[in-house]
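1. Below is the sequence, then the predicted model.
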Amino acid sequence: MALTLGEIVAAIPGELHGDPAVAIEGLAPLESAGPGQLAFLSNPRYRPQLAASRAACVIVGPAVRDAAVARGACIVAEDPYAYFARVTQLWKRTQGRPAPGGIHPSAVIDPEAVLGEGVAIGPHCVVERGARIGAGTVLKARVHVAEDCSIGARCILHPGVVIGADGFGFAPTAEGMVKIEQLGAVRIGDDVEIGANSCIDRGALADTVIEDGVKIDNLVQIGHNCRVGRHTVISGCTGVAGSATIGAHCMIGGAAMILGHITIGDRVHISGGTFVSKSISKPGLYTAIFPIDDNASWEKNAATLRQLHTLRERIKALEKKL
């Protein structure tokens, strides 16, 4: 099966240069696309690949229009990356296998759980007492939604996701740790997607909250009583400790570490591997990474870093003498 360029721009408005009858049989990266495939160019660094691309058509931005038309068929869009994303959705709707609906026979659904219209629940899922799942939400295999947790509409939870496990709360005593019962729940908004084997812990007293449109990658841990603002994106292997608040429209890079009881404001971008130990109020990009190096050089640089405080004090003393 295929879609013509005309059918694509009819479904997703764009400025088509070329024959609308050309058939598109697949989507592919710019450098490897062949005849019959649609590619896109959004990052200027890949512009040199445009002229050599064998793609039947390329989605480009207005700045690249002339070069793309000189090469061949193209679709011009203000945001070519977003346009390509919408094309992938169109392709899946029209060319992909229909997703299985309903509730798989192996799923365990408590009678007191509430399921919205069109909910799909995959194999070996568990939905506990008092849980609520909104219309059109999809739980893939082995998803566990614990007691009294709520998930909004049109969410996607990938295999192995756990919503509402106990938060990590213990009171130290001379005799050992005393468990603090986690009496809150988890509240997830609409249009949230959570990657495989990610965990969102229930709150100790108040709820853990994931707002509308949040996208969470695989193997992410969200601690108890956290709040993640709308349309924030969190990449894989990130850990967010309890009671941290992350604002709206943030981007958290992979393997970031965010301490508990801090606040990250709206539109903050955190580079991958960054350790966030204090609150951030100003939008912008923040990075805290010690670059990789050969071991001998790394040890020398690390030893120098450990002496920075002493060097600073010596400089201050010298400045006073001037």
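-> Sure, I can see it.
2. okay, now the residue lying closest to Cys57 once chain neighbours are set aside: neighbour count?
-> Nearest non-adjacent residue to Cys57, counting by C-beta to C-beta, 6 or more residues apart in numbering: Ala73, 4.1 Å away. Just so you know, the C-beta spots here come from the backbone N, C-alpha and C atoms, and that holds for glycine as well. Ala73 has 19 neighbouring residues, counting by other C-beta atoms under 10 Å.
3. repeat for Ala28
-> Neighbours of Ala28 (other C-beta under 10 Å): 18.
4. Find the nearest non-adjacent residue to it, please.
-> Leaving aside its sequence neighbours, Ala28 sits nearest to Gln37 (C-beta to C-beta, 6+ apart; 4.3 Å).
5. Then Ala68?
-> Cys74 (3.8 Å).
6. in terms of contact, does that neighbour touch Arg65 like I think?
-> Yes - here Cys74 lies in contact with Arg65, judged by C-beta atoms under 8 Å, at a distance of 7.4 Å.
7. bridging residues for Ile280?
-> Ile264 (DSSP bridges).
8. so it makes contact with His269?
-> No - using C-beta under 8 Å, Ile280 is not in contact with His269, being 10.1 Å away.
9. could you say what helices and strands the biggest helix by length in the chain packs with?
-> When the chain is parsed with DSSP state H, its longest helix is helix 80-95. Counting contacts by 3 or more C-beta pairs under 8 Å, 6 or more residues apart in numbering; DSSP states H and E, helix 80-95 packs against strand 3-4, helix 5-11, strand 26-27, strand 37-40, strand 57-60.
10. Swap in 6 Å and give it another go.
-> Contacts defined by 3 or more C-beta pairs under 6 Å, 6 or more residues apart in numbering; DSSP states H and E place helix 80-95 against strand 57-60.
11. Would you mark the buried spots in the helix or strand that the strand it packs on is followed by?
-> Following strand 57-60 in sequence order, the next helix or strand is helix 65-71 (DSSP states H and E). For helix 65-71, burial by neighbour count (16 or more other C-beta atoms under 10 Å) applies to 68, 71.
12. for stretch 157-173, same thing?
-> 157-165, 167, 169.
13. just how off-centre is that stretch within its chain?
-> On the basis of C-alpha atoms, centre = their mean, to the nearest Å, stretch 157-173 sits 20 Å off its chain's mean C-alpha point.
14. Stretch 153-160 too?
-> That offset, for stretch 153-160, works out to 13 Å (C-alpha atoms, centre = their mean).
15. Just the mean pLDDT for that stretch, thanks.
-> For stretch 153-160, the mean pLDDT works out to 98.
16. Quick one: end-to-end distance for that stretch.
-> Taking C-alpha to C-alpha, to the nearest Å, stretch 153-160 runs 19 Å from one end to the other.
17. can you check stretch 10-26 too?
-> Terminal-residue distance, stretch 10-26 (C-alpha to C-alpha): 18 Å.
18. what about the strands in the stretch 201-322 of the chain?
-> 208-210, 215-216, 221-222, 227-228, 233-234, 239-240, 245-246, 251-252, 257-258, 263-264, 268-270, 275-276, 284-286 (DSSP state E, counting those that start in this stretch).
19. my read: Arg267 touches Gly247, true?
-> No - contact criterion C-beta atoms under 6 Å: Arg267 and Gly247 do not qualify, at 7.1 Å.
20. Looking at these two, which is more packed in?
-> Each of Arg267 and Gly247 has its neighbours counted (other C-beta under 10 Å); Gly247 has more, 20 against 16.
21. Show the contacting residues for the more buried one.
-> 229, 264-266 (C-beta atoms under 6 Å, 6 or more residues apart in numbering).
22. One more pass at 7 Å, please.
-> When contacts are counted by C-beta atoms under 7 Å, 6 or more residues apart in numbering, Gly247 is found next to 229, 264-266, 268.
23. roughly how far apart are it and Asp201?
-> Using C-beta to C-beta, to the nearest Å, we find Gly247 at a distance of 20 Å from Asp201.
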